[in-house]
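> Provided below for reference: sequence and predicted model.
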Amino acid sequence: MRMVFLGTGGAFPTSKRMTSSAVLLREGEMVMFDCGEAIQLQLARSRLGWARLRAVCITHLHGDHVLGIPGLLMTMGLGERKEPFTIYGPPGLAEYVRLSRRFLRFGVPFPLEVVELEGGKVWETSEYAVEALPVDHRVFTLAYRLRENPRPGRFNLEAAGKLGVPPGPLFKQLQGGHEITLPTGAVISPEQVLGPARPGRQVVYAVDTRPLDSVVEFARGADLLVHDGMFDDELAADARRRGHSTTREAAEIARAATVRRLVISHISPRYQDIRPMLAQAREAFPSARLARDLETYEIPYRENENE
């Protein structure tokens, strides 16, 4: 699993930062969070393309988070996409997409669904779930979490051999959590040959928002937290007034949630030198990073909760 940042700036694009968007790649599938303008260009620059893109999860309806949707849909249409595509986001999103298609007069030759949310479960597969949480911004805004199911423990070959389990399909059934019956009539349960369950991975995307206790709980123990950090300490009052966080506040959320990695995004275009912002964040969370366009962050598996 890896996160690629396509746009890490807030408000409007600059020569260094496009507006908000990131994609999470998992097992050949790609999910986008927010869709800032000129997103097709960033997808091309990152060499990701759009073929694997399953869905877009929109946090809120400010322009720097949605202006890329019409262009993305047009590009996928011109590319003759046939696979279904879903856009998730807050109430009002369906009307925005409808009006964009009406005034720009572009067709969508593939199944398109717009799902409006107020929080809770977004979708679920046999391997992971995506959930949404309302946060605190000037308009109704959602944070998102992708959380994998726990993985089976490591297979103990020695234990399986002593129990008389022959190598082959029965191994796979036990690894999948299924009880088996041997030709001798002996019943073997997965617990007899598997070690402790191993944690799945968890990624949280919380842009734009004020610091919240609910985000701390939402991100508890996450492998990666992407959090709003639009301003530095000197503009803390502006952050409060505009519904954003400072980089220090983002770091304090990460520390309280005991996340493993923090990447701060949605940086104001006023900052040319981000080193002071980063230093402030690292006073609260020493490994904090400030996102840069087209950077990639790997999210490895862990063997246990304490790793």
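Thanks, I have it.
> helices or strands up against the top helix by length along the chain?
Longest helix of the chain, by residue count under DSSP state H: helix 93-104. Identification of packing neighbours for helix 93-104 by 3 or more Cβ pairs under 8 Å, 6 or more residues apart in numbering; DSSP states H and E yields helix 69-78, strand 112-116. C-beta coordinates here come from the backbone N, C-alpha and C atoms, glycine included.
> so which of the ones you listed is the most surrounded?
Comparing the helices and strands packed on helix 93-104 by mean neighbour count (mean count of other Cβ atoms under 10 Å), helix 69-78 ranks first with a mean of 19.
> now do the residue lying closest to Glu83 once chain neighbours are set aside against Gly229, distance only.
For Glu83, ignoring the flanking residues on the chain, the nearest one in space by Cβ to Cβ, 6 or more residues apart in numbering is Phe110 at 6.3 Å. For Phe110, the distance to Gly229 equals 36 Å [Cβ to Cβ, to the nearest Å].
> could you do Thr247 as well?
For Thr247, the distance to Gly229 - Cβ to Cβ - is 4 Å.
> what's the overlap in contacts for those two?
Residues touching both Thr247 and Gly229 (Cβ atoms under 8 Å, 6 or more residues apart in numbering) are 264, 277, 281, 290.
> TSV for the residues you listed, including neighbour count, pLDDT and secondary structure?
Below are the shared contacts of Thr247 and Gly229 laid out as TSV (neighbours: other Cβ atoms under 10 Å; pLDDT from 0 to 100; DSSP: H, G, I helix; E, B strand; the rest coil):
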residue	neighbour count	pLDDT	secondary structure
Ile264	30	98	strand
Met277	25	97	helix
Ala281	28	98	helix
Leu290	21	98	strand
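> low-confidence stretches in this protein?
Applying pLDDT under 70 to the chain flags residues 307.
> please enumerate the helices of it.
39-45, 63-66, 69-78, 93-104, 157-162, 169-175, 213-218, 236-242, 247-256, 275-284.
> tell me which of those helices lies nearest to Val4.
helix 39-45 (9.1 Å; Cβ to Cβ).
> residues making contact with the closest one?
Contacts for helix 39-45 (Cβ under 8 Å, 6+ apart): 6-7, 18, 21, 32, 49-50, 68, 71-72, 75, 293-294.
> one step back: and the helices and strands packed on helix 93-104: which comes nearest Arg240?
Nearest of those (Cβ to Cβ): strand 112-116, 28.3 Å.
> what strands line up against the closest one, and which way round?
strand 85-89 (parallel) (DSSP bridges).
> list the buried ones in the partner strand?
Buried residues in strand 85-89, defined by neighbour count with 16 or more other Cβ atoms under 10 Å: 85, 87-89.
> alpha carbons of that strand, as CSV, please.
Presented in CSV, the C-alpha positions along strand 85-89 are these (Å, rounded to 0.1, in the frame of the first residue of the first chain):
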residue,chain,number,x,y,z
PHE,A,85,-16.9,4.8,-11.2
THR,A,86,-18.2,6.3,-7.9
ILE,A,87,-17.7,9.7,-6.4
TYR,A,88,-18.4,9.9,-2.6
GLY,A,89,-18.8,13.1,-0.7
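> list of residues touching it?
53-61, 66, 69, 73, 76, 93, 97, 110-117, 122-123, 132, 142.
> buried ones from these, can you make that a ChimeraX selection?
Listed next is the ChimeraX selection for buried residues among those, using 16+ other Cβ under 10 Å:
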select :53,55,56,57,58,59,60,61,66,69,73,76,93,97,112,114,117,122,132,142
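> quick check: the gap between the closest residue to Val97 other than its chain neighbours and Leu61.
Leaving aside its sequence neighbours, Val97 sits nearest to Val114 (Cβ to Cβ, 6+ apart; 5.2 Å). To Leu61, Val114 is 12 Å away according to Cβ to Cβ.
> swap in Leu182?
Taken as Cβ to Cβ, the span from Leu182 to Leu61 is 59 Å.
> picking that back up, strand 112-116 and the longest helix of the chain, what's the angle between them?
Interaxial angle, helix 93-104 versus strand 112-116 (axes from the mean of the first three to the mean of the last three Cα atoms, to 10 degrees): 140 degrees.
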